[in-house]
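*Asks:* model the structure of this input:
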Amino acid sequence: MADVGNLVRKVDQLVEKDTVDGVSSLRLGRQFELSKGHEEMLEPLAANLDLPGRLAPVIHAIGDRRDGQWYDPRADARAGLTELVALCAGSLEPDPTLPPPADPEARDRLTRAVNRAYAANATPRLVADLFPNGRSDDLGQFTPPQLEGDVAAARAMAIAIGARTGMREADVLRKLVADGPGGAAYAATDLLLRNRPDYQRLPGEQQPGIRRHLARSIEAGFAARDVRQAAERELTEELEARREDVSGGAGTIDVASAMATDELGKLHTFLQDIDYWQRSAEPYAEPQLDEVRGIVAERLVSRVEHHAGTATDLTFDQLRVPAAATDAAAATMVTASTIPHESRPAARAATATMLTEGFDELPARMAEWRADGWDMRQHAELYGGALGDRTLAAVRTFERRPPSPRAAAAPDRAQNAAASFATDPAMPPLRRIHAGESRRADESSVRPRNGGTDGLTR
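*Replies:* The predicted structure follows:
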């Protein structure tokens, strides 16, 4: 038993190191409660950690007689070690900041499945570190496991997350187990949300609510699957049941991703409404030039995102910075165009130059709006929308007449390229806005930041 205890501690250390962020909860003198059968499977491995070659296959013998059948003790060692890795993954310290579960049984079920999926994936690569000068084949070949039920669904979850985030299955599983029991759904949520611009733009106090809502959705969606074991299924149902296991796990992530889009959209709309009514209830204070520039920049990006059918990667803070908005708007619109690749740098530079000139005109525009007694914020929004429309028209002009690739390297060439379409009949003018026009009456020029074709609120 002492040898098995040493093996447990060593494997626990390997799992803690492999998960990177995981922290083992084992302390000196504490051991797992292993079943008798599990101990028997691990004892030959534990007794031969110094020389794994002693576990090589031998001819089975009964007394002094050999029956000619080969016996490979490494098969039990592989099975026992995989089970031990799952136990070690389940022993990692839980994140103390995790909210309590809405359904403890659902959270526990997802935890067990993720731990076993991680063990099936990680054990073959951990073998080499068990032995001095170890190799990955010291315990023979690990055949690809035939995962079923919850474990197959957990692996499908990891693959679905990897497909959305560009991560390998192994790295996703590491993240799912690293926060210990109960952390899998929250780790999955973090991976799904961390690169979404609509999530990053949320005020910090709103993000935990979305994170908690999606994590509970993942836990509930996983637990809603059929729990029948493979042994209880008819043979003719087995293949279909495995397909359902995989599609059920991946479907949980599909639902969570769609819910993120929907909930983030609703929350952005709600926050915009709150901001509108708060501003309506406050005494009117005329915005200064920096604030007007920020409003124009935000509306410019919204309009370009609508035309391009894709979101920029601007954060909430960058969104109202004219230089960042100008560059992102030009880049996004050019990327979504059919302009030849060699001409795109020049087209982007010329479009950015045009937008910069539009921002340079703002002081004069504000003087006009002030003299006519118009609402400064409303007209700033309309002006930003008009800049977005001009961006689309400029790119369409470059699609018909691509600029010289050399223009990108020379600022004067970029300015000449910008001037070449300034008088194009297709370019909507930055017209004066007549008194009495409202935001609703000019929806063609400015729309809320939820007009993208992908349904995201931006």
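*Asks:* domain ranges for the protein?
*Replies:* Following automatic domain parsing, the chain resolves into domains at 2-59+67-264, 286-442.
*Asks:* now those domains as a markdown table including mean neighbour count and mean pLDDT?
*Replies:* C-betas here are computed from N, CA, C, even on glycine. Listed next are the domains of the chain as a markdown table, based on neighbours: other CB atoms under 10 Å; pLDDT from 0 to 100:
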| stretch | mean neighbour count | mean pLDDT |
| --- | --- | --- |
| domain 2-59+67-264 | 18 | 78 |
| domain 286-442 | 18 | 79 |
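*Asks:* in contact with Leu130, which residues?
*Replies:* Contacts were defined as CB atoms under 8 Å, 6 or more residues apart in numbering; by that measure Leu130 touches 10-11, 14, 49, 52, 138.
*Asks:* give me the element the closest residue to Leu319 other than its chain neighbours is part of.
*Replies:* Spatial nearest neighbour of Leu319, excluding adjacent residues (CB to CB, 6 or more residues apart in numbering): Glu298 at 5.3 Å. Secondary structure assignment for Glu298, by DSSP states H and E: helix 289-308.
*Asks:* who touches the helix or strand following that helix?
*Replies:* Next helix or strand after helix 289-308 toward the C-terminus (DSSP H and E): helix 322-335. Applying CB under 8 Å, 6+ apart, the external contacts of helix 322-335 come out as 293-294, 296-298, 300-301, 304-305, 307-308, 310, 312-314, 318-319, 344, 347-349, 351-352, 355-356, 359, 387-388, 391-392, 394-395, 398.
*Asks:* mind running it again at 7 Å?
*Replies:* With CB atoms under 7 Å, 6 or more residues apart in numbering as the contact definition, helix 322-335 has outside contacts at 293, 297, 300-301, 304-305, 307-308, 310, 312, 314, 318-319, 344, 347-348, 351-352, 355-356, 359, 391-392, 395.
*Asks:* tabulate the contacts of Leu130 (TSV), appending distance to Ala364 and secondary structure.
*Replies:* Shown next, in TSV, are the contacts of Leu130 (distance: CB to CB, whole Å; DSSP: H, G, I helix; E, B strand; the rest coil):
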residue	distance to Ala364	secondary structure
Lys10	74	helix
Val11	72	helix
Leu14	68	helix
Leu49	80	coil
Pro52	81	helix
Asp138	77	coil
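*Asks:* now do the SS call for Leu202.
*Replies:* With DSSP: H, G, I helix; E, B strand; the rest coil as the basis, Leu202 sits in coil.
*Asks:* how near is it to Gly209?
*Replies:* Counting by CB to CB, to the nearest Å, the gap from Leu202 to Gly209 is 9 Å.
*Asks:* same deal with Phe142?
*Replies:* Taken as CB to CB, the span from Phe142 to Gly209 is 42 Å.
*Asks:* can you check Ala324 too?
*Replies:* With CB to CB as the criterion, Ala324 and Gly209 are 28 Å apart.
*Asks:* same check on Tyr186?
*Replies:* Relative to Gly209, Tyr186 is positioned 13 Å away (CB to CB).
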